[in-house]
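Undergrad: when you get a sec, could you give me coordinates for this:
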Amino acid sequence: MKIVNRYIKGAIFAILLVAGVATSSAQVFQDGEKLYYRAAYRAKLIPNTEVGEVTVSTSLDTLGGRDVYRITGNGRTLPFFRWFFDMNDTYTIWVDKESKKTQRFESDLKEDRYTFRSIYRYDWGAMKVHTWAQKRQDKPRTKTMKLTPESMDAISLYFNLRSVDLNSFREGEPHRLDMVLEDTIRHLRYRFIERDTVKVPRTGRFATMKFACTIGSSEEFSFTDGTEFFIWITEDDNKIPVMLASPVRVGEVRAYLRRYEGLKYPLTSKITENRKRSFQIDN
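TA: Purely as a prediction, here's the structure:
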């Protein structure tokens, strides 16, 4: 049962750990945007089984007198699975509207009897991030770490891949980012693989850019122990992540877009059924 719980957590958190690139001046998301995902697990003797849902929403806010985007990602196990693993994790960031740099990050994790809260305060002038974290009722831990211009948190990475000119990527060219995760900085490596056509269950077929990503650390589940995973981004002005796939110790975890609201641009990457595809998720 413990290993199943781990995979469910990995499936839900995976969509929040997608690849990113250095911030650009482009702005592709807007107030009122909402993206809804389903996370699924499959193995040799287990058909594709949806185990969780993820919602990512964007709204305008103010923080310290600055105009910011407030971006919230919530991951929740589906009702059928909550009797043995009830997960309700929420991550929130505040991103400066002009510089696109993260100003504050908060997490509130509830997984059965386990709870974890964290707060990051970014000081870009001093190139430092101040972290506060508490597990269950333990004494809170604080830490100050040095930042690099490429340092981000998991949710910031999600949106920053959408802020770059996709045509600037060269096939196979490696890139690296520093990711602030809990109380340490881990390295995220990614590379552009190819343009690909992907079919997403109950959502449609999309022209996409496919990326391979690796998080170099040794966490409990495979997304963060050096295993390579793949993400597909729509090849249009929205640059929405529509699908993620990663091998785990037994089987594979997938996350895919189910529906969307409030997009800034038309979803021109959605294609008709008569276009040839090269990848499909089984329902």
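Undergrad: could you point out where the stretch 51-200 of the chain is predicted with low confidence?
TA: 149-166, 176-187 (pLDDT under 70).
Undergrad: show me where it has helices.
TA: Secondary structure of the stretch 51-200 of the chain (DSSP state H, counting those that start in this stretch): helices at 154-160.
Undergrad: all strands of it, in order?
TA: Counting by DSSP state E, counting those that start in this stretch, the stretch 51-200 of the chain has strands at residues 66-77, 87-96, 102-111, 114-123, 128-135, 141-146, 152-153, 174-181, 184-200.
Undergrad: sheet-wise, list the partners of the fourth one with their directions.
TA: Put plainly, it is strand 114-123. Each strand paired with strand 114-123, and its direction, by DSSP bridges: strand 102-111 (antiparallel), strand 128-135 (antiparallel).
Undergrad: so what touches the longest one?
TA: Contact partners of strand 102-111, identified using CB atoms under 8 Å, 6 or more residues apart in numbering, comprise 9, 63-64, 66, 68, 85-96, 115-122, 152-153, 155-156, 180. Any C-beta I mention is one placed from the backbone N, CA and C, and that applies to glycine too.
Undergrad: list the buried residues of it.
TA: Buried residues in strand 102-111, defined by neighbour count with 16 or more other CB atoms under 10 Å: T102, Q103, R104, F105, E106, S107, L109, E111.
Undergrad: that strand: how far from the chain's middle?
TA: Centre-to-centre, strand 102-111 and its host chain are 13 Å apart (CA atoms, centre = their mean, to the nearest Å).
Undergrad: relative to strand 87-96, how tilted is it?
TA: Compare the direction of strand 102-111 with that of strand 87-96 by axes from the mean of the first three to the mean of the last three CA atoms, to 10 degrees and you get 180 degrees.
Undergrad: got it, and the shortest one?
TA: Between the direction of strand 128-135 and that of strand 87-96, the angle (the same axes, to 10 degrees) works out to 160 degrees.
Undergrad: so K97 sits right up against I71, yeah?
TA: No. Counting by CB atoms under 8 Å, K97 sits too far from I71 to count as a contact (11.7 Å).
Undergrad: those two: who's more crowded?
TA: Using other CB atoms under 10 Å, the more surrounded residue of K97 and I71 is I71, with 23 against 14.
Undergrad: the more buried one bridge partners, please.
TA: Note on I71: beta-bridge partners by DSSP bridges are T58, I93.
Undergrad: wait, it sits on D96?
TA: No. The criterion here is CB under 8 Å, and I71 misses it with D96 at 11.9 Å.
Undergrad: would TSV of the buried residues of strand 102-111 with distance to R38 be doable?
TA: Shown next, in TSV, are the buried residues of strand 102-111 (distance: CB to CB, whole Å):
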residue	distance to R38
T102	27
Q103	31
R104	29
F105	25
E106	25
S107	22
L109	20
E111	19
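Undergrad: farthest-apart pair in the residues you listed, please.
TA: For the buried residues of strand 102-111, the farthest-apart pair by CB to CB is Q103 and E111; their separation is 27.0 Å.
Undergrad: quick revisit: what about the strands paired with strand 114-123, which gets the closest to T208?
TA: Nearest of the strands paired with strand 114-123 to T208, taken as CB to CB: strand 102-111 at 26.1 Å.
Undergrad: how many neighbouring residues does R195 have?
TA: Look at R195: counted by other CB under 10 Å, it has 13 neighbours.
Undergrad: what about the closest residue in space to it that isn't next to it in sequence, neighbour count?
TA: Ranked by CB to CB, 6 or more residues apart in numbering and with sequence neighbours excluded, the top spatial neighbour of R195 is M209, at 6.1 Å. As a burial measure, M209 scores 20 neighbours (other CB under 10 Å).
Undergrad: give me the phi and psi for the residue nearest to I46 when sequence neighbours are not counted.
TA: Excluding the flanking residues, the one nearest I46 by CB to CB, 6+ apart is G251, at 6.6 Å. Backbone torsions for G251, taken as degrees, to the nearest 10, come to phi 100, psi -150.
Undergrad: identify the bridge partners of R254.
TA: Beta-bridge pairing for R254 (DSSP bridges): A40, A245.
Undergrad: and the pLDDT at it?
TA: Note for R254: predicted pLDDT of 85.
Undergrad: state the distance from the closest residue to E228 other than its chain neighbours to E252.
TA: Leaving aside its sequence neighbours, E228 sits nearest to T214 (CB to CB, 6+ apart; 5.0 Å). Here the criterion is CB to CB, to the nearest Å. By it, T214 lies 16 Å from E252.
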